[in-house]
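# sharing a model prediction with you, sequence too.
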Amino acid sequence: MNILFNGKSYPFRRFVQCNTAVASKINSFEFICAHPCNPWQKGALDPTLCHANPEPYLTVYSCCFKAIQSTFIRYPGQPMKKKHPTIQFGETVEGYNIPVLNEREVRAAAGILFVFMLIALMMIIFKGNFLMIKYIIILFLTDMLIRVYINPRFSPMLIVGRLIVSRQNPEYVGAPQKKFAWKIGIAFSSFMLVLMIILNSFSILSGLTCLMCLLFLFFESAFGICLGCLVYGVFYKEKVQYCPGEICDVKNKQDIQKTSAAQVLIVAGFVLYIVMAVTLFNDSLGEKPRNLWKLIETTMKGS
């Protein structure tokens, strides 16, 4: 087997111990190869420059072999140049050892679903109209089934989300925990499908399930918190990787993340301010608004 470097093909052999990091380009991918005397300084590619090792060719090629097999480092954030299978879950991105998804498009899709579901809920509460929620349930379930059992790349909502955030840098998160969370979404929407479409009924069960879906979507879109992902570790032994905001990793908060006692008092004072405003001005603010143009006309006639 040969190694392609700077347009030239070189044979490699089995590895020996390497120490000093040397950047090289192997088969169109970027790796870090170790070499004790760094023969490729300033673009040079002559292993015979390494006088410290009696077998320079063996050492140079062995480092590349070692890099390919076990300890190579890929520059993170660059998708691998491979064909995408039709059925898979998550994207293969260099620098990540598990499939990942773009959190920004996931949040955008969650926000879209949240808005439509909230509108449907308002129509039920104020008009008693269940038609829109039935369509939403069917579309929600279909989209989730495509995400989990075919490929998130083909999810209509994620495609729309990708278009919306296409100018933003991607934020990669682990795909396994997202798959688990979306399976919870499939369970919720399937339950609502049975109750509200197949049985054509409504009850406290369908209402609570709808509110749970709204809660999950709201936390995902507004705060970037995947509630389903939080319980992933309860059912799976492997450690959760690449969470939004790196919340999976235990670390000390930075100063900008800490909340002081004074800030807590400010929030409490603001809540008290709202309560006092409702108590004192509820009657006057509750009056029905008047037509602006009629108000101006009346004022002008009075003057």
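Here it is on my side, so go on. Note that the structure is a prediction, hence the values are computed from the model and not measured.
# what ranges do the strands span in the stretch 151-300 of the chain?
172-174 (DSSP state E, counting those that start in this stretch).
# can you list the residues that contact the helix or strand hosting Lys134?
Element membership of Lys134, judged by DSSP states H and E, is helix 131-149. Applying CB atoms under 8 Å, 6 or more residues apart in numbering, the contact partners of helix 131-149 are 87, 89, 113, 116-117, 119-121, 123-124, 152, 154-158, 179, 182-183, 185-186, 189-190, 192-193, 196-197, 210, 213. To be clear about C-beta, it is placed using only N, CA and C from the backbone, and glycine gets the same treatment.
# where does the protein dip in pLDDT?
1-84, 249-251, 303 (pLDDT under 70).
# quick one: the helices in the stretch 51-200 of the chain?
Counting by DSSP state H, counting those that start in this stretch, the stretch 51-200 of the chain has helices at residues 56-66, 103-127, 131-149, 156-164, 175-192.
# of the ones you listed, which stretch is the most buried?
Among the helices of the stretch 51-200 of the chain, helix 56-66 has the highest mean neighbour count (mean count of other CB atoms under 10 Å), at a mean of 22.
# distance to Pro289 added to the helices of the stretch 51-200 of the chain, as TSV?
Below are those laid out as TSV (distance: least, CB to CB, whole Å):
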stretch	distance to Pro289
helix 56-66	75
helix 103-127	19
helix 131-149	28
helix 156-164	34
helix 175-192	37
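# go through those helices and name the closest to Gly245.
helix 103-127 (9.0 Å; CB to CB).
# and that closest one with helix 156-164, angle?
Per axes from the mean of the first three to the mean of the last three CA atoms, to 10 degrees, the angle that helix 103-127 makes with helix 156-164 is 120 degrees.
# distance from the chain centre to stretch 153-166, please.
Counting by CA atoms, centre = their mean, to the nearest Å, stretch 153-166 is centred 12 Å from the centre of its parent chain.
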